[in-house]
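Participant: model the structure of this input:
(one chain, ligands or ions: 1)
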Amino acid sequence: MGVIVFIIVVVSISVFLLKQFDKVAGRGPKQIKDGINSSKIVKDDRIQCSECAEMIKPEAKKCRFCGAEVKK
Ligand SMILES: [Zn+2]
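Facilitator: A predicted model of the protein is given here:
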């Protein structure tokens with residue numbers, strides 16, 4: 001009997017944990033917030049081309065969109 005009770009407890013805990021995991025994983029706003037944060041980091045890492053206003057890498061010597069020379 002003890003084994004059966006143990007199995008029931010383990011299954012109950014597993015189901016509980018799975019529900020909690022689904023709750024965390026299914027939280028849309030948190031994922032959207034993370035996406036905004038990561039895109040902001042990328043945006044901060046780029047500089048704006050003075051010719052075409054596209055965001056380019058600060059290491060770039062020429063704009064990859066319009067080919068203009070990037071002044072630093
Ligand atoms: Zn450009």
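
Participant: enumerate the residues of the protein near the ion.
Facilitator: 49, 51-52, 63, 65-66, 68 (C-beta under 5 Å from the ion). C-betas here are computed from N, CA, C, even on glycine.

Participant: buried only: go through those for me.
Facilitator: 49, 63 (16 or more other C-beta atoms under 10 Å).

Participant: restricted to strands, list the residues of the chain next to the ion.
Facilitator: When DSSP state E is applied, these are split such that none fall in strands.

Participant: dump the residues of the chain next to the ion into JSON lines; add distance to Phe6 as well.
Facilitator: Formatted as JSON lines, those follow (distance: C-beta to C-beta, whole Å):
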{"residue": "Cys49", "distance to Phe6": "66"}
{"residue": "Glu51", "distance to Phe6": "71"}
{"residue": "Cys52", "distance to Phe6": "67"}
{"residue": "Cys63", "distance to Phe6": "66"}
{"residue": "Phe65", "distance to Phe6": "64"}
{"residue": "Cys66", "distance to Phe6": "69"}
{"residue": "Ala68", "distance to Phe6": "71"}
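
Participant: of the residues of the chain next to the ion, closest to Ser14?
Facilitator: Of all the residues of the chain next to the ion, Phe65 has the smallest distance to Ser14: 52.5 Å, by C-beta to C-beta.

Participant: could you find the closest non-adjacent residue to that closest one?
Facilitator: Glu54 (4.2 Å; C-beta to C-beta, 6 or more residues apart in numbering).

Participant: now do the phi/psi pair for that neighbour.
Facilitator: phi -80, psi 150 (degrees, to the nearest 10).

Participant: can you list the low-confidence ranges for the chain?
Facilitator: 27-44, 72 (pLDDT under 70).

Participant: Pro58 in helix, strand or coil?
Facilitator: coil (DSSP: H, G, I helix; E, B strand; the rest coil).

Participant: how far away is the closest residue to it other than its chain neighbours from Val24?
Facilitator: Take Pro58 and drop its neighbours on the chain: the residue closest to it by C-beta to C-beta, 6+ apart is Ile47, 4.9 Å away. Shown here: Ile47 relative to Val24, a distance of 37 Å by C-beta to C-beta, to the nearest Å.
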